[in-house]
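1. What shape does this take:
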Amino acid sequence: MVTLSSLRRIKETQQGTSGLDSSQVSAIAGSGVSVYETLDSLPATGLTAGDEAYVKGNSRLYVSNGSGWYNTTLVNRSPQWDSGGEPQSTYEIADSATPLTIIARAKDSDNPDSHLINQSFVSDSAQYMVDITIDSSVFTFTPKSADSIGIEVAAGNLTDSNGDFTYTFKWSDGVSFLSSPVVISYQPAAPTGPVFSTGYWWGYSRFNGGQALYLASNSSANDYADISVTNPEYLAGSNVGGMSYGWGHSVNSVDALGFKHGINTYVAGVIVAHSHNTGTAVDKSIMMYEDGNSTLYKDINGDNAFKTITGQSMRQSSVSGGPPGTATTTNAFMWDAPIYVPSQTWFNVAVRNTATNPTTGSGSTGYGSGNSSTSFSSYGGLGVSVQNYNGTSYSNNMNGTTTTSGYILGLIFSPASTWPLS
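-> Purely as a prediction, here's the structure:
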């Protein structure tokens, strides 16, 4: 069907008058075209065929046939927001279970029946925070879970769990466009993934052929333990094997070692050798770095992988708070939130003494030395590889921990595929 608008476009093409800007309009007006403020201002008498007039009120050029006026568009007008279709400047996603819906509806100023082209775009960070779907002029932003965002934080794709991104709504008629940038904020609830003193964890030692270490007194080999019922900083002393003694540690000395897991994991802490010390408690700082450099990992809360453990006894004796009726040792130190590590990714773990160990009394510090292994399997199909520390945070491994001996026995972890467990 032939419409007036299509005839107008044909005429515009023939005359070369489509898409002219304001400077071109001024040039035409200066060349003898009469300019009028409104359509009603056009003269009705004294017309000559070929007379031209420009009406500023609707940005149209009119040509007379001697008895009346006929219009042709001089300037391609930009699209405009339809009634109720203009988005706000800011929005906030309520929670991880509630999608955000925004209506951004525009129309062609020259031809209301035409269909505009959607050229909307978003900042890079959005892909890690939401999934976006578009149905005509309805835009839906479905938030990702706190756990998922925590993983992206740990991977370095986001700076922290709470943030915002910019979505720019843009519509074009092929010549001109209408755009509106919108800031969308999303602050998910605290991650529901594994946290300190909550959930299920495994542990392993790189000595005695990848010996299983248990996080609760009633666990058995290759089973996970619910550490929410006990203190996660204790392991049953009888299960720590392959031990020797006489390992000296001075203030600010560092043990460090490289690890790699064969599956995606949450790393929750470090298992170190205990002491025969009968004196006071010692302090430790535990850290986790990316392979080969000094960049700290981030946990699922967005915090750096650094924690200072203060006032913890390293004695191999009954300690208040451990599993009832067992000889315990405080040799499992956990972060306050776990760190996501993709499979086949090397990372460095470092333990620094902030006090001399042992501090007082008799005895000496333990270290692993029996039947060491640099490659073994453990819980949940986990494959573990070990290498010497290769980071840049310290000039060398100051306490001499290596793949065959040392103060760092193993790690506490949970397979990412099994979280959460119930």
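
2. Contacts only, for S172.
-> Contacts for S172 (Cβ atoms under 8 Å, 6 or more residues apart in numbering) come out as 79, 116-117, 119, 178. Where C-beta positions appear, they are placed from N, C-alpha and C, glycine not excepted.

3. so T392 sits right up against D291, yeah?
-> No - in this structure, T392 is not within contact of D291 by Cβ atoms under 8 Å, at 10.6 Å.

4. So between the two, which is more surrounded?
-> D291 (15 against 11; other Cβ atoms under 10 Å).

5. which non-adjacent residue is nearest that one?
-> W346 (3.7 Å; Cβ to Cβ, 6 or more residues apart in numbering).

6. Please apply the same query to G262.
-> Per Cβ to Cβ, 6+ apart, closest to G262 is G383, 3.0 Å.

7. And for that neighbour, the neighbour number?
-> Neighbour tally, G383, other Cβ under 10 Å: 15.

8. Surely it is in contact with Q344?
-> No - using Cβ under 8 Å, G383 makes no contact with Q344, being 9.1 Å away.

9. any residues in contact with both of these two?
-> 261-262.

10. Mind listing what's buried along stretch 287-307?
-> 287-290, 296-303, 305-307 (16 or more other Cβ atoms under 10 Å).

11. Can you tell me which of the residues you listed end up in strands?
-> 287-290, 306-307 (DSSP state E).

12. need the contact list for Y91.
-> Counting by Cβ under 8 Å, 6+ apart, Y91 makes contact with 100, 102, 182-185.

13. switch to 10 Å and redo it
-> 100-102, 141, 164, 167, 182-186 (Cβ atoms under 10 Å, 6 or more residues apart in numbering).

14. closest to S377 among those?
-> Minimum distance to S377 across the contacts of Y91 is 39.0 Å, recorded for Y186 (Cβ to Cβ).

15. what number of residues lie near the closest one?
-> Counted with other Cβ under 10 Å, residues neighbouring Y186 total 23.

16. Just give the closest residue to it, not the sequence neighbours.
-> Using Cβ to Cβ, 6+ apart, the closest residue to Y186 is I93 (4.2 Å).

17. That neighbour and V138, how far apart?
-> I93 sits at a distance of 16 Å from V138 (criterion: Cβ to Cβ, to the nearest Å).

18. all helices of the stretch 1-150 of the chain, in order?
-> Applying DSSP state H, counting those that start in this stretch to the stretch 1-150 of the chain gives helices spanning 4-15, 22-30, 146-154.

19. Same check on the stretch 251-400 of the chain?
-> Assigned by DSSP H, counting those that start in this stretch, the stretch 251-400 of the chain shows no helices.

20. Find the residue ranges of it scoring beneath the pLDDT cut-off.
-> 274-282, 310-330, 355-364, 380, 395-397 (pLDDT under 70).

21. Show me the strands in it, by range?
-> 254-261, 265-272, 282-290, 306-312, 328-329, 332-341, 347-353, 365-368, 375-377, 383-388 (DSSP state E, counting those that start in this stretch).

22. Show the residue spans covered by the strands in the stretch 51-200 of the chain.
-> Under DSSP E, counting those that start in this stretch, the stretch 51-200 of the chain gives strands at 52-55, 60-64, 69-73, 80-81, 90-93, 100-103, 106-107, 117-118, 121-122, 130-135, 138-143, 163-172, 177-186, 200-204.

23. Quick one: closest of these to M334.
-> strand 200-204 (8.2 Å).

24. by contact count, what packs against that closest one?
-> Judged by 3 or more Cβ pairs under 10 Å, 6 or more residues apart in numbering; DSSP states H and E, strand 200-204 is in contact with strand 212-213, strand 225-226, strand 265-272, strand 332-341, strand 408-415.

25. coming back round to it: overlap in contacts of T392 and D291?
-> With Cβ under 10 Å, 6+ apart as the test, T392 and D291 both reach N348.

26. neighbours of V55, just the number please.
-> Quick note: V55 (other Cβ under 10 Å) scores 21 neighbours.

27. cool, and N162?
-> N162, neighbours per other Cβ under 10 Å, totals 13.

28. what do you get for the one 5 residues further on?
-> Residues near Y167, counting by other Cβ under 10 Å, number 23.

29. Quick check, it in contact with A104.
-> Yes - the pair Y167 / A104 is scored as a contact, 9.1 Å apart, by Cβ atoms under 10 Å.

30. returning to what we had before: what's the residue nearest to D291 in contact with, if anything?
-> Contacts of W346 by Cβ under 10 Å, 6+ apart are 258-261, 290-292, 385-387, 390.

31. Pull out the buried members of the residues you listed.
-> Counted by 16+ other Cβ under 10 Å, these give 258-261, 290, 385-386 as buried.

32. from those, which is closest to V63?
-> Nearest to V63 among those, with distances taken as Cβ to Cβ, is E290, at 70.7 Å.

33. Now D108. Nearest residue, chain neighbours left out?
-> Distance criterion Cβ to Cβ, 6+ apart; nearest residue to D108, sequence neighbours excluded, is S114 at 4.4 Å.

34. distance of that neighbour from I149?
-> With Cβ to Cβ as the criterion, S114 and I149 are 40 Å apart.

35. same deal with G292?
-> 27 Å.

36. and S179, bridged to which residues?
-> K170 (DSSP bridges).

37. can you count the residues close to it?
-> 15.

38. List the residues that contact it.
-> 78-79, 106, 119-121, 168-172.

39. Give me the mean pLDDT for stretch 66-73.
-> Taken as a whole, stretch 66-73 has a mean pLDDT of 76.

40. what's the span of stretch 46-56, first residue to last?
-> 21 Å (Cα to Cα, to the nearest Å).

41. returning to that earlier point: redo the ones in strands among the buried residues of stretch 287-307 as TSV? Include distance to S41.
-> Below are these laid out as TSV (distance: Cβ to Cβ, whole Å):
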residue	distance to S41
M287	78
M288	76
Y289	76
E290	72
F306	75
K307	78
